[in-house]
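Novice: 3D model of this:
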Amino acid sequence: MIKVCIADNHPVVQHGIKSYFNNSNSIEIVASVNDFNSLQNTLQTKSINVIVVDLELDGLSSIRDIKSIIKEYPESKIILFTSVSEKMYAPTAIKAGVSAYLLKTASLKELETTIIRVSNGVVIFSDEVKKTIEELKKGKKSDRLFKKLSSREIEVLRYLNDGKKNKEIAQILGLDEKTISTYKLRLLAKLNVTNLVDLLNKAKSLEII
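Specialist: Just a heads-up that it's a prediction; the model follows:
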């Protein structure tokens, strides 16, 4: 039996997944949490084979938090089950050691198949993500710009696109406000623009956000 933990902010999502697997002969939902701290506590007390986690989970500040889980609990495979853009996060997620990236538009049957395959050691990403990674390797001019951005810079860029101010982003990521300003300056330099409007427009044209 594959032991699964669901880490998602939304009770409806948790309930839907638990109901679907209620009578499963191969998958058991042994825990469900709605914030990152609870996920960490659960992993300390229970043996989990697969974690189904939303990137927008409360308390999850960056992909680095996911990486720390993978490092501390290597026996627990991670599926990112989220509505956050694959183009933006999947390449970084692969590098961090995530086993699968599944958008919430997928069916529960697809989630079931993914859980089973991931538990067997298979790494699963969509054809679109694989194509993106191949493009990065080929080094197209636009993709080289994308490749030059760190995961943290991409996170800051996403929050800027959401309309958040430096102070708000600093609080979310647990960083100093001056550090966020530095990231913004790096983004402007790397994407060769001089202001925030042009930065966001260029990022959108490159499909980074």
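Novice: helix or strand for the closest residue to Gly97 other than its chain neighbours, which one?
Specialist: Leaving aside its chain neighbours, Gly97 sits nearest to Ile70 (4.3 Å; criterion: CB to CB, 6 or more residues apart in numbering). For every residue, glycine as well, the C-beta is placed using N, CA and C. Using DSSP states H and E, Ile70 falls within helix 63-72.
Novice: Going C-terminal from that helix, what's the next secondary structure element?
Specialist: Proceeding N to C from helix 63-72, the next assigned helix or strand is strand 77-82, under DSSP H and E.
Novice: quick one, phi psi at Leu188?
Specialist: Backbone dihedrals for Leu188, given as degrees, to the nearest 10, come out at phi -60, psi -40.
Novice: Could you look up the SS state of the closest residue to it other than its chain neighbours?
Specialist: Computed as CB to CB, 6+ apart, the closest residue to Leu188 that is not its neighbour in sequence is Leu199, at 5.8 Å. Three-state assignment for Leu199 (DSSP: H, G, I helix; E, B strand; the rest coil): helix.
Novice: you'd agree Leu199 is up against Ala189?
Specialist: No - contact between Leu199 and Ala189 fails when scored by CB atoms under 8 Å: they sit 10.2 Å apart.
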